[in-house]
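*Asks:* Starting from these lines, generate the structure:
(one chain, ligands or ions: 1)
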Amino acid sequence: MSEPRQQGALRLGTRRSKLAMAQSGQVADAVSRLTGRPVELVEITTYGDVSREHLAQIGGTGVFVTALRDALLRGEVDFAVHSLKDLPTAQPEELALAAIPEREDPRDVIVARDALKFTDLPRGARIGTGSPRRMAQLNAYARSHGLDIETVPIRGNIDTRIGYVRGGELDAVVLAAAGLNRIGRIDDVTDFLSVDTVLPAPGQGALAIECAADNADLIVALAELDDPFSRVAVTAERSLLAALEAGCSAPVGALADLLADGQIVKEMRLRGVVGTADGSTLVQLSTTGPVPETHDQAMALGRELAAEMLAQGAAGLMGERAH
Ligand SMILES: NCc1[nH]cc(CCC(=O)O)c1CC(=O)O
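*Replies:* Sure, this is the predicted structure:
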């Protein structure tokens, strides 16, 4: 960095994509308000940004994350903001997940031509998504509801993906509501998919703020941004993913939510799904129990549901790749 460091500034390592810059900027403002210190964005290029290869082929898990973590470990930046769903489930000992702020809308959405809803897409419609999880669930829904769709593997940033629809190459693309919200493109959505149709990726809609495990002062400051329920929910979801031994490009969906009776929260429900990309087979289960009060209880809930899914043949579906 050629610019002189601001006195007392905290350095936030970020990818350069519009989404990363948007979410880093929002967290930077919050941290600056909290600590009274300026926050300086330090741009870092990750392998996931430069590679032209298909995400599933380069291994998926963590490609966006590794360079940011390396910068943290080398002390080049003080903290980093990740999309939680892109974060590998294994947590390096030297790094702390200092905050998981309140999660926003976890749903997947459709951006289609002519303001079409998913179920109104014409026969033979081409729907772009690089995610085996989205393919599996959209194709399963289509099979059971007599829709005729073709899922087409694509990658690229949000603007690129929407560009395939605007340019007429595809009838629709599937994206996460949270990402569109953060970059100010939520008005492009033509259909919000019910989580009963497409269960989101574990951790979708949540951010993770990470710093060095020995940076005690920063950990205390960042803890102010933590939302304990969001943390418990995504911990259960990620525990399910880890126990299935699947990565972020695996066809696994998971969502934990609260079941309330009026204002009184009664229980937490954890739903999970795994399937083949063609949608011919899905294993979909849920479990409901007391709201976990500790990290270990949340982990246990995820492991229990994973064990039930494995007993129903989930392992055999996970080696499936998008193509
Ligand atoms: N896989 C890329 C990615 N990682 C995080 C988001 C935004 C949503 C989120 O933060 O959960 C997206 C884009 C998308 O899936 O549409």
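*Asks:* make it CA atoms for all contacts and neighbour counts henceforth
*Replies:* Will do.
*Asks:* Could I get the phi/psi values of Ala80?
*Replies:* Here the main-chain torsion angles of Ala80 (degrees, to the nearest 10) amount to phi -140, psi 150.
*Asks:* Now do the same contact list for Leu12.
*Replies:* For Leu12, the set of contacting residues under the criterion of CA atoms under 8 Å, 6 or more residues apart in numbering consists of 24, 28, 39-42, 77-81.
*Asks:* quick one, helices of the protein?
*Replies:* Assigned by DSSP state H, the helices in the chain fall at 18-35, 47-50, 66-73, 132-145, 158-166, 177-182, 216-222, 228-243, 295-311, 315-318.
*Asks:* Same question for the last one: list its buried residues.
*Replies:* If you call a residue buried by 16 or more other CA atoms under 10 Å, then helix 315-318 has these buried ones: 315, 317-318.
*Asks:* Pick the most deeply packed of the helices of the chain.
*Replies:* Looking across the helices of the chain with neighbours counted as mean count of other CA atoms under 10 Å, the highest average goes to helix 228-243: a mean of 25.
*Asks:* Can I get the longest strand seen in the chain as CSV, trimmed to CA atoms?
*Replies:* If you go by DSSP state E, the chain has its longest strand at strand 264-275. In CSV, the C-alpha atoms belonging to strand 264-275 read as follows (Å, rounded to 0.1, in the frame of the first residue of the first chain):
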residue,chain,number,x,y,z
ILE,A,264,-42.6,-16.5,23.0
VAL,A,265,-39.8,-18.5,21.2
LYS,A,266,-40.5,-22.2,21.8
GLU,A,267,-38.0,-24.2,19.8
MET,A,268,-35.5,-24.2,17.0
ARG,A,269,-36.0,-26.2,13.8
LEU,A,270,-33.2,-27.3,11.6
ARG,A,271,-33.9,-28.4,8.1
GLY,A,272,-31.5,-30.1,5.8
VAL,A,273,-31.5,-31.3,2.2
VAL,A,274,-29.0,-33.1,-0.1
GLY,A,275,-29.7,-34.3,-3.6
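*Asks:* and the angle for it with helix 295-311?
*Replies:* With axes from the mean of the first three to the mean of the last three CA atoms, to 10 degrees as the criterion, the two stretches strand 264-275 and helix 295-311 enclose an angle of 40 degrees.
*Asks:* Just name the closest of the buried residues of helix 315-318 to the ligand, please.
*Replies:* Met318 (18.2 Å; CA to the nearest ligand atom).
*Asks:* quick one: the closest one and Pro251 touch, right?
*Replies:* Yes - because the distance of 6.7 Å satisfies CA atoms under 8 Å, Met318 is recorded as touching Pro251.
*Asks:* Spit out the residues that contact these two alike.
*Replies:* Overlap between the neighbourhoods of Met318 and Pro251 consists of 274-276, taking contacts as CA under 8 Å, 6+ apart.
*Asks:* Reformat those residues into JSON lines and put pLDDT, distance to Ser230 and neighbour count next to each item.
*Replies:* Formatted as JSON lines, the entries for the shared contacts of Met318 and Pro251 read as follows, by pLDDT from 0 to 100; distance: CA to CA, whole Å; neighbours: other CA atoms under 10 Å:
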{"residue": "Val274", "pLDDT": "96", "distance to Ser230": "22", "neighbour count": "32"}
{"residue": "Gly275", "pLDDT": "94", "distance to Ser230": "26", "neighbour count": "31"}
{"residue": "Thr276", "pLDDT": "93", "distance to Ser230": "29", "neighbour count": "27"}
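*Asks:* now, which of these sits nearest Glu304?
*Replies:* When those are ranked by distance to Glu304 (CA to CA), Val274 comes first, at 15.1 Å.
*Asks:* The closest residue in space to that closest one that isn't next to it in sequence: neighbour count?
*Replies:* For Val274, the nearest residue in space outside its immediate sequence neighbours is Val252; the separation is 4.6 Å by CA to CA, 6 or more residues apart in numbering. A total of 32 residues lie near Val252 under the criterion other CA atoms under 10 Å.
*Asks:* what does Thr45 give?
*Replies:* 15.
*Asks:* Please apply the same query to Ile209.
*Replies:* Residues within reach of Ile209, counting by other CA under 10 Å, total 24.
*Asks:* Give me the distance between it and the ligand.
*Replies:* Ile209 sits 12 Å away from the ligand, going by CA to the nearest ligand atom, to the nearest Å.
*Asks:* who does that residue bridge with?
*Replies:* Note on Ile209: beta-bridge partners by DSSP bridges are Val81, Ala99.
*Asks:* correct me, but Met309 touches Val283?
*Replies:* Yes - proximity of Met309 to Val283 meets the contact threshold set by CA under 8 Å, at 6.6 Å.
*Asks:* got the contact list for the residue nearest in space to the middle of the chain?
*Replies:* By CA atoms, centre = their mean, the mean C-alpha position of the chain lies nearest to Lys85, the distance being 2.7 Å. If you count contacts by CA under 8 Å, 6+ apart, Lys85 has them with 201-206, 248.
*Asks:* burial count for the residue nearest to it when sequence neighbours are not counted?
*Replies:* The shortest distance from Lys85 to any residue that is not its chain neighbour, by CA to CA, 6+ apart, is 4.7 Å, and that residue is Gly203. As a burial measure, Gly203 scores 27 neighbours (other CA under 10 Å).
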